[in-house]
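[1] Fold the following for me, if possible:
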Amino acid sequence: MGAVAGRTRVQRGFERCAGDATAIGSAGGGTQQPQAPAGYSAAALYNLANAYARAGKPGLAVLNYERAKLLDPQDRDIDANLQRVRDASGLRPAPATGPFERLVRIENPTAVSWMGVFGLIVAGLCMLAREVTPAHRGKLLAAALMGFCLVGVTLGSALAVWPTLHEAVVVGHAVSVRVSPTLIEEPIFTLAEAEIVGVRGEHDGFMLIKTGAGRTGWAPQANLALIVPPSR
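    Below is the predicted model:
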């Protein structure tokens, strides 16, 4: 059930952070900030991302597009607007989605989680029924295999989503990265707003990040926002 647990973390994280994007935006100043909707959904996050894009906040726009994309992987409008904001920010194009990822990321986390639960129940019941109804063993085996296939889709989907659980979006402008988690060190490079980085650890208000180019260092946690916040 690890795949279902991974998917559930995505859901709980969004539930906890339904208003986080607005809080981050408000911290950046300005007279009027886009308002986070009550609850969460792909449509609500998409609209919030559009509002941030119009407000000239590419980091928060990309953050919410990425969150919306997790909940609705098949929405082409999300991909198009996400790429438009990335292009306007001068960022490299996002890596192309491979055929495996397109296959397994077919639905939102809730649907995929229940698909795996249903498949596991069907497979288990059919395997038990084969022992008491020998005459239908062939049909029951076929049904059990279909159930295992559903479990396989859920596992594959969880593997595709797993890297995103450890990624963050840069929501500050020209964020300095240092060798150690302290402000007294000289910056070794800067992160562009709206860039997506991998998160390798946290310490004392800093995150150990790794860029797409393979560079690592410590960046202030206040300038980064996890795509999937921890569910606590």
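
[2] Do you have the strands of this protein handy? List them.
    167-170, 175-177, 189-191, 196-203, 206-210, 216-220, 224-226 (DSSP state E).

[3] other SSEs contacting the first one?
    Right, the one you point to is strand 167-170. Judged by 3 or more Cβ pairs under 8 Å, 6 or more residues apart in numbering; DSSP states H and E, the packing partners of strand 167-170 are helix 58-71, strand 196-203, strand 224-226. Every C-beta, even on glycine, is put in place using the N, C-alpha and C of the backbone.

[4] Among the ones you listed, which comes closest to residue 154?
    Residue 154 sits nearest to helix 58-71 of all these, at 15.1 Å, using Cβ to Cβ.

[5] Let me know the angle separating that closest one from strand 196-203.
    100 degrees (axes from the mean of the first three to the mean of the last three Cα atoms, to 10 degrees).

[6] just checking, what packs against helix 58-71?
    Against helix 58-71 (3+ Cβ pairs under 8 Å, 6+ apart) you get helix 2-16, helix 20-27, helix 42-54, helix 76-88, strand 167-170, strand 224-226.

[7] quick one: that helix to helix 42-54, angle?
    160 degrees.

[8] In the chain, which residue is most central in space?
    Per Cα atoms, centre = their mean, the C-alpha nearest to the average position across the chain is that of residue 164, at 4.5 Å.

[9] To residue 76, which of the strands of the chain lies closest?
    Comparing the strands of the chain under Cβ to Cβ, the one sitting nearest is strand 196-203, at 19.7 Å.

[10] Least reliable of the helices and strands packed on helix 58-71 by average pLDDT, please.
    Of all those, the minimum mean pLDDT falls on helix 20-27 (a mean of 45).

[11] Show me the chain divided up by domain.
    2-98, 103-160, 175-226 (automatic domain parsing).

[12] Just put the ones you listed in a markdown table and tack on distance to residue 169.
    Converted to a markdown table, the domains of the chain look like this (distance: least, Cβ to Cβ, whole Å):
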| stretch | distance to residue 169 |
| --- | --- |
| domain 2-98 | 4 |
| domain 103-160 | 19 |
| domain 175-226 | 5 |
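
[13] of those domains, which approaches residue 168 most closely?
    domain 175-226 (4.3 Å).

[14] First-to-last residue distance for the closest one?
    15 Å (Cα to Cα, to the nearest Å).

[15] do stretch 166-176 as well
    20 Å.
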